[in-house]
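**Student:** I'd like to go over a predicted model; first the sequence, then the structure.
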Amino acid sequence: MTERSDLTDIADGLPGSEPEGRRSADSSERAYNTIRKLLVEFKLKPEERINEMQLSRSLGISRTPIREALNRLASEGFVSLTPNRGFFVRSLSTEGLLDLYELRSIIECAAFRLMCERAEDDQLDRLRAYWEAIVEGYQDHPPDIILTEDEGFHLLIAELSGNPEIVAQLAAINARIRFIRRIQIEHRTHDKRQVASHSAIVDAAMRRDTEQGVELLRQHIEMTVSATQQALKDALLKVFAPGDDDAKPRRRRF
């Protein structure tokens, strides 16, 4: 299947080309959903430059909403913007991955400690209420929903620490690992035991059991590291199949 047909097939599954007078925001949202689907299904290859003109023609959308969608995807970590060159698909690489997860663990464990020390009882109730609202059927939700809800859970712990700098740093880390996490959530290595670990973390928070909560968080984060590495390897094999001219150099770099 050619790249052009990939674009057309996915576009056909979404609302038709924009009618006269449709607001730009609607077109931008449609472009965002389509391009994001292309990315997570590897219809656009890692490190590939994104052809805005081709997307515009294939989707029947003007360049401005395409650019708005790409800027949004760049802010979420799904694509990168290189000045004077344009937008590129994020690379699939473990380079720096372990460092980011280690930093995430340090920040989140510190946030949990501060939350237990500083948060009022009604603030801790917010964490419990957040998790209780999403836990039913959590593991069966679509990957995008799981990713959003999981990030929200951990960011709420950071918020309840009372330190806005912790929130900002965790949000920045999330942006850098979001694309990779999205791949892993849909991969066979995704561990549904994470649902139980979320519940245990909430229980420890409600008891203000700092040591147990920190240990649970550490294990929770480390649980995903090896699974993510395996998911990335499988993704590379999927994208750069044998016979692909790009396969050798990209695999060697990985």
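**Tutor:** That came through, no problem.

**Student:** mean confidence score for stretch 60-78?
**Tutor:** For stretch 60-78, the mean per-residue pLDDT is 90.

**Student:** Number the chain from 57, please
**Tutor:** Shifting the count to begin at 57 puts that one at stretch 116-134.

**Student:** now that stretch: how far from the chain's centre is it?
**Tutor:** 16 Å (CA atoms, centre = their mean, to the nearest Å).

**Student:** Would you mark the buried spots in it?
**Tutor:** I117, P121, I122, R123, E124, A125, L126, R128, L129, A130, G133, F134 (16 or more other CB atoms under 10 Å). C-betas here are computed from N, CA, C, even on glycine.

**Student:** how about those, which pair is most distant?
**Tutor:** I117 and G133 (22.8 Å; CB to CB).

**Student:** For the stretch 107-256 of the chain, which residues score under the pLDDT cut-off?
**Tutor:** Within the stretch 107-256 of the chain, the segments meeting pLDDT under 70 span 149-151, 245-249.

**Student:** show me where the stretch 107-256 of the chain has strands.
**Tutor:** 135-138, 142-145 (DSSP state E, counting those that start in this stretch).

**Student:** Who are the packing partners of the last one?
**Tutor:** This points to strand 142-145. helix 119-131, strand 135-138 (3 or more CB pairs under 8 Å, 6 or more residues apart in numbering; DSSP states H and E).

**Student:** neighbouring contacts of it?
**Tutor:** Residues outside strand 142-145 that contact it (CB atoms under 8 Å, 6 or more residues apart in numbering): 95, 100-106, 108, 126, 129-130, 135-138.

**Student:** Mind giving me the ChimeraX command for buried ones among these?
**Tutor:** Only the buried entries of the contacts of strand 142-145 go into this ChimeraX selection, using 16+ other CB under 10 Å:
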select :95,100,102,106,108,126,129,130,135,136
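
**Student:** average pLDDT for the helix or strand that contains S282?
**Tutor:** Secondary structure assignment for S282, by DSSP states H and E: helix 266-295. Across helix 266-295, pLDDT averages out at 83.

**Student:** How is the protein partitioned into domains?
**Tutor:** For the chain, automatic domain parsing gives the domain ranges 59-145, 153-295.
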